[in-house]
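1. I need the structure of the sequence given here:
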Amino acid sequence: MRSKGAITLVVLVVVLGVVGCGATSSYNSLVQSDEQVREAWSNLQATYQRRADLIPNLVETVQGAADFEQETLQSVTEARAKATSVQVSAEDLDNPQRLRQFQEAQSALGKSLGRLLAVSENYPKLQATQSFSDLQAQLEGTENRITVARRDYNSTVRRYNTQVRSFPTVVFAGLMGFAPKTPFEAEAGAEQAPDVDFNSDS
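-> Numbers count the residues shown, from 1 in each chain. Below is the predicted model:
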């Protein structure tokens, strides 16, 4: 009887050891994936901030070079203020509503900025100034960086979410506090939208 009890105890210890090792491995892997998501989000936020930082210079240049449409300038200024007021931390990435608010604010800013640059084509003297041309180039590059950063973020979230929902990690993920993250959604009609090019001469 003792030998059977000893064997049962050994088996139990081995099973618990295997489960423990699996849980530790899953936890460490989830921590690593979570940090990658946080880094991708930080990079995306920095790129959006770079765009926001360029806008005051753009508005000042436009105001100084032409009797520009005030409604368009005001729209950009207000959209920038709203976009920079919506802050989403890495802890909010499992909250679809918070991310949607951030995305909508950034999208509104992008559209207002696009309208301003489209209207600026009606002002040849403005188009000819070096400072305006430089800002156009910087904004175009920033929009490209935003596209890349969003794609990188979504890819990182997809890998993380696949891990969180896969067996056996899914068994431990909820207990360890690892919830699925929210990716950026494609905007309605984006698949039909033309490529944005801020440089009208190209």
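2. okay, CA-based contacts and neighbour counts for the rest of this
-> Will do.
3. Name the spans of the protein whose pLDDT lies under the cut-off.
-> 1-23, 187-202 (pLDDT under 70).
4. what's the burial count for Glu185?
-> Neighbourhood size, Glu185 [other Cα atoms under 10 Å]: 11.
5. roughly how far is stretch 100-114 from the heart of the chain?
-> Computed by Cα atoms, centre = their mean, to the nearest Å, the chain-centroid distance of stretch 100-114 equals 12 Å.
6. Next, the buried residues of it.
-> Buried positions in stretch 100-114, judged by neighbour count with 16 or more other Cα atoms under 10 Å: Phe102, Gln103, Ala105, Gln106, Ala108, Leu109, Gly110, Ser112, Leu113, Gly114.
7. just checking, what packs against the helix or strand containing Gly141?
-> If you go by DSSP states H and E, Gly141 is part of helix 130-165. Under the contact criterion of 3 or more Cα pairs under 8 Å, 6 or more residues apart in numbering; DSSP states H and E, helix 130-165 touches helix 2-65, helix 169-176.
8. and the buried residues of stretch 100-114 as CSV, adding secondary structure and distance to Ala52?
-> As requested, the buried residues of stretch 100-114 are exported to CSV (DSSP: H, G, I helix; E, B strand; the rest coil; distance: Cα to Cα, whole Å):
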residue, secondary structure, distance to Ala52
Phe102, helix, 14
Gln103, helix, 14
Ala105, helix, 12
Gln106, helix, 10
Ala108, helix, 12
Leu109, helix, 9
Gly110, helix, 10
Ser112, helix, 12
Leu113, helix, 10
Gly114, helix, 13
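9. which among those gets closest to Glu143?
-> Nearest to Glu143 among the buried residues of stretch 100-114: Gly110, at 8.8 Å, using Cα to Cα.
10. before we move on, the earlier item: quick check, nearest of the buried residues of stretch 100-114 to Ala66?
-> Distance to Ala66 across the buried residues of stretch 100-114 (Cα to Cα) is lowest for Leu113, with 17.0 Å.
11. pretty sure that closest one is touching Thr77, no?
-> No. With contact defined as Cα atoms under 8 Å, Leu113 does not count as touching Thr77 (9.3 Å).
12. and Gln138, how many neighbours?
-> Count around Gln138 with other Cα under 10 Å applied: 16.
13. Check the gap between the nearest residue to Thr169 once chain neighbours are set aside and Leu54 for me.
-> Distances taken as Cα to Cα, 6 or more residues apart in numbering place Ser26 nearest to Thr169, at 5.7 Å, with adjacent residues excluded. Separation of Ser26 from Leu54 (Cα to Cα, to the nearest Å): 43 Å.
14. Extract the CA atoms of stretch 140-158 and return them as CSV.
-> Presented in CSV, the C-alpha positions along stretch 140-158 are these (Å, rounded to 0.1, in the frame of the first residue of the first chain):
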residue,chain,number,x,y,z
GLU,A,140,3.6,63.7,-46.2
GLY,A,141,6.4,61.8,-44.6
THR,A,142,4.6,61.8,-41.3
GLU,A,143,1.4,60.4,-42.8
ASN,A,144,3.5,57.6,-44.3
ARG,A,145,5.0,56.9,-40.9
ILE,A,146,1.5,56.8,-39.3
THR,A,147,0.4,54.2,-41.8
VAL,A,148,3.5,52.0,-41.1
ALA,A,149,3.1,52.5,-37.3
ARG,A,150,-0.5,51.5,-37.4
ARG,A,151,0.2,48.4,-39.5
ASP,A,152,3.0,47.4,-37.0
TYR,A,153,0.7,48.0,-34.0
ASN,A,154,-2.1,45.9,-35.6
SER,A,155,0.4,43.1,-36.4
THR,A,156,1.7,43.0,-32.9
VAL,A,157,-1.8,43.0,-31.4
ARG,A,158,-2.8,40.2,-33.8
